[in-house]
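# Quick one, what's the 3D model for this:
(2 chains)
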Amino acid sequence: MNPAKPKLLIIDDEPDFLETIVKRLLKRQIDATGVDSGKEALRVLQEQSFDVVILDVRMPGMDGIETLKEIKKRSPLTEVIMLTGHGSIKSGIKGMELGAFDYVIKPADFEELFEKVNQAAERKMLHEERVRKA
Amino acid sequence: MPKILPSDPSRIYILVVPLAILLLAVPLWIYSGLGPALAALVVAALCFFVISSLVRKVVKAQEQERLLDLQLIQSQKLAAIGELSAGIAHEINNPLAIIAQEVEWARHQLQAEKPEGKSFAELKDSLDEITRQVDRCSEVTHRILDFARKRDPLVQSTEINKLVEDMAKLVEKEVSHAGICVIRQYENDLPPALTDPPLLRQVVLNLLNNAADSVGQNGTISLETRIPDKGKIEIEISDTGCGIPKEDLNRIFDPFFTTKPPGKGTGLGLSLCHSIIIRLGGTITVQSEQGKGSAFTVRLPLDYNSHKSG
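Below you'll find the predicted structure:
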């Protein structure tokens, strides 16, 4: 992976939010793709691999935590940032235990999110290095 | 070297040498004059300060050693229990998987026959219940296996205040309607730490969750960060909740130990925190008084790598 240009997948069922964030990320030279459901995300993940995933945990249909589990199962090195409009400590803990990188409440300041994406990408790179050395 | 406790009567011997020199001042004055007597007084004072500062250092070092010993015993205990429970969890996962498969098959059969009648509706309900309980068991086994899995820290530059504040905001959103105040007191010039951010986030979130649970309604949760010593960072999370009974204090970090009613909480939260903090090269301690509240203090090295090589 290229740490300067991480590949990002955003999973959120709010179309306005999704469109805005993908646009802003593309402007910052981030390779960003947006999907609006867990199911769609898993389909996309079968075709491509991503470095970082931003995931809304409260979406109708496939539960955010279930999606997180699936992502980690299929590609354990991908870092996941959970996003939620309704913070829940218990689901935050559960998500972290399942390996999520961070848990952010909406509305999320774009600069903060951008920084977290970079931190997550850095972690993926460190993780890959360690696996290579093992 | 005997252990010198702060209230130890043997501390009296700090005074022995200075006193002896002080007493010397008397004959010195009589036989050699004021000059040498004053010199003796000065030497006595110097001796007192030097010896008491040395004693203070020794007491501090012994306290640190005692703390590290306790943490070592705790992590050995945790490792043993972790291994045992991981073995059990693995064993249970197999029959669980088979039960789940059989239930699926039974459901499939029902679907195929499409029988009518009350007993068949009940049968389907029972199958659904079995699935729910199997899922519940799976969650427990996964949590246990997760706990036992050794996750080596991945070190990144971390702004501790920011990390703690992020978790505080999450908790605040949930507890504010229960009348719980979240107070922050962050050390202003906290340098960035080299540690594992997601692991640390887990610890902070777990501690905050416990604090919120023990307060319940109307109370305060406080978050503090500070620099206790050179090269170290401290995070303290305290609450005005129900506190921990004295007799439970030394079991609080044990896996599966919980003060919650059965079904609520696996008792793995604090032992997970302990195991993570040890892996990050730090210590976690608790102070608590029943009915007043608790304070959990996490102390970490500023640089994880220095801990490893040191």
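
# what about the helices in the stretch 101-250 of chain B?
For the stretch 101-250 of chain B, applying DSSP state H, counting those that start in this stretch gives helices covering B:118-148, B:160-175, B:197-215.

# so which of those helices comes closest to residue B:267?
When the helices of the stretch 101-250 of chain B are compared by Cβ to Cβ, helix B:118-148 sits nearest residue B:267, at 10.3 Å. Every residue, glycine included, has its C-beta placed from N, CA and C.

# Please compute how far that closest one lies from its chain's middle.
32 Å (Cα atoms, centre = their mean, to the nearest Å).

# Return the set of buried residues in that helix.
B:127, B:130, B:134, B:137, B:138, B:141, B:143, B:144, B:145, B:146, B:147, B:148 (16 or more other Cβ atoms under 10 Å in any protein chain shown).

# What parts of chain A come near chain B?
A:86-90, A:92-93, A:96-97, A:99-105, A:119, A:122-123, A:126-127, A:130 (Cβ under 8 Å from any Cβ of the partner chain).

# Out of these, list just those in helices.
The members of the residues of chain A next to chain B that map onto helices under DSSP state H are A:89, A:90, A:92, A:93, A:96, A:97, A:119, A:122, A:123, A:126, A:127, A:130.

# Using neighbour counts, trim those to the buried set.
Applying 16+ other Cβ under 10 Å to those, the neighbour count classes A:89, A:92, A:93, A:96, A:97, A:119, A:122, A:123, A:127 as buried.

# Same list (the residues you listed) but as a markdown table, adding pLDDT.
A markdown table is the format used below for those (pLDDT from 0 to 100):
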| residue | pLDDT |
| --- | --- |
| A:89 | 85 |
| A:92 | 87 |
| A:93 | 88 |
| A:96 | 90 |
| A:97 | 86 |
| A:119 | 95 |
| A:122 | 94 |
| A:123 | 94 |
| A:127 | 89 |
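
# I'd like those written out as CSV, with distance to residue B:153 added.
Shown next, in CSV, are these (distance: Cβ to Cβ, whole Å):
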residue, distance to residue B:153
A:89, 23
A:92, 20
A:93, 19
A:96, 14
A:97, 16
A:119, 15
A:122, 14
A:123, 11
A:127, 11
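
# hang on, the earlier thing: going by mean pLDDT, which of the helices of the stretch 101-250 of chain B comes out lowest?
Note on these: helix B:118-148 shows the lowest mean pLDDT, a mean of 85.

# Give me the contact status of that helix with chain A.
Yes: contact of helix B:118-148 with chain A (Cβ under 8 Å from any Cβ) involves B:143, B:146.

# Check the spacing between residue B:176 and chain A real quick.
Using Cβ to the nearest Cβ, to the nearest Å, residue B:176 is found at 11 Å from chain A.

# Spatially nearest residue to that residue (excluding sequence neighbours)?
The shortest distance from residue B:176 to any non-neighbouring residue, by Cβ to Cβ, 6 or more residues apart in numbering or on different chains, is to residue B:182 (7.7 Å).

# what residues are up against that neighbour?
Counting by Cβ atoms under 8 Å, 6 or more residues apart in numbering or on different chains, residue B:182 touches B:168, B:171, B:172, B:175, B:176, B:220, B:221, B:222, B:223.

# which non-adjacent residue is nearest the third one?
The shortest distance from residue B:172 to any residue other than its chain neighbours is 4.5 Å, reached at residue B:182 (Cβ to Cβ, 6+ apart).

# try the fourth one
Excluding the flanking residues, the one nearest residue B:175 by Cβ to Cβ, 6+ apart is residue B:212, at 5.1 Å.

# pLDDT weak spots in chain A?
Counting by pLDDT under 70, chain A has low-confidence residues at A:1-4, A:87, A:134.

# for it, which residue is closest to the average position?
Residue closest to the average C-alpha location in chain A (Cα atoms, centre = their mean): residue A:53, at 1.9 Å.

# Tell me the bridge partners for that residue.
Per DSSP bridges, the residues bridged to residue A:53 are residue A:9, residue A:80.

# any idea how far it is from residue B:184?
When distance is defined by Cβ to Cβ, to the nearest Å, residue A:53 is 30 Å away from residue B:184.

# For the chain, just list every one of the strands.
Using chain A here. Ranges of strands within chain A are A:7-11, A:31-35, A:52-56, A:79-84, A:102-105, based on DSSP state E.

# Can you look at chain B instead?
Using DSSP E, strands in chain B cover B:156-158, B:180-185, B:193-195, B:219-226, B:232-239, B:283-289, B:293-301.

# Reformat those as CSV; add mean pLDDT.
Putting the strands of chain B into CSV (pLDDT from 0 to 100) gives the following:
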stretch, mean pLDDT
strand B:156-158, 95
strand B:180-185, 95
strand B:193-195, 96
strand B:219-226, 96
strand B:232-239, 96
strand B:283-289, 94
strand B:293-301, 96
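
# now these in a markdown table, with distance to residue A:20?
Formatted as a markdown table, the strands of chain B follow (distance: least, Cβ to Cβ, whole Å):
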| stretch | distance to residue A:20 |
| --- | --- |
| strand B:156-158 | 28 |
| strand B:180-185 | 30 |
| strand B:193-195 | 33 |
| strand B:219-226 | 32 |
| strand B:232-239 | 35 |
| strand B:283-289 | 41 |
| strand B:293-301 | 37 |
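
# that older thread, looking at the buried ones among the ones in helices among the residues of chain A next to chain B, which one is closest to residue B:158?
Looking at those and their distance to residue B:158, the nearest is residue A:119, at 8.5 Å (Cβ to Cβ).

# can you count the residues close to residue B:89?
Using other Cβ atoms under 10 Å in any protein chain shown, residue B:89 is surrounded by 21 other residues.

# from memory it sits against residue B:144, does it?
Yes: contact status for residue B:89 versus residue B:144: in contact at 4.3 Å, counting by Cβ atoms under 8 Å.

# My guess is residue A:10 contacts residue A:21. True?
Yes: counting by Cβ under 8 Å, residue A:10 does reach residue A:21; the two are 6.0 Å apart.

# Could you name every residue contacting both of these two?
Common contact partners of residue A:10 and residue A:21 (Cβ under 8 Å, 6+ apart): A:32, A:34, A:54.

# any idea how far chain A is from residue B:239?
Plainly put, residue B:239 is 14 Å away from chain A if you go by Cβ to the nearest Cβ.

# wait, what's in contact with that residue?
Applying Cβ under 8 Å, 6+ apart, the residues near residue B:239 are B:211, B:212, B:214, B:215, B:219, B:220, B:221, B:222, B:293, B:294, B:295.

# Name the nearest residue to the first one, sequence neighbours excluded.
The one in question is residue B:211. Take residue B:211 and drop its neighbours on the chain: the residue closest to it by Cβ to Cβ, 6+ apart is residue B:239, 3.8 Å away.
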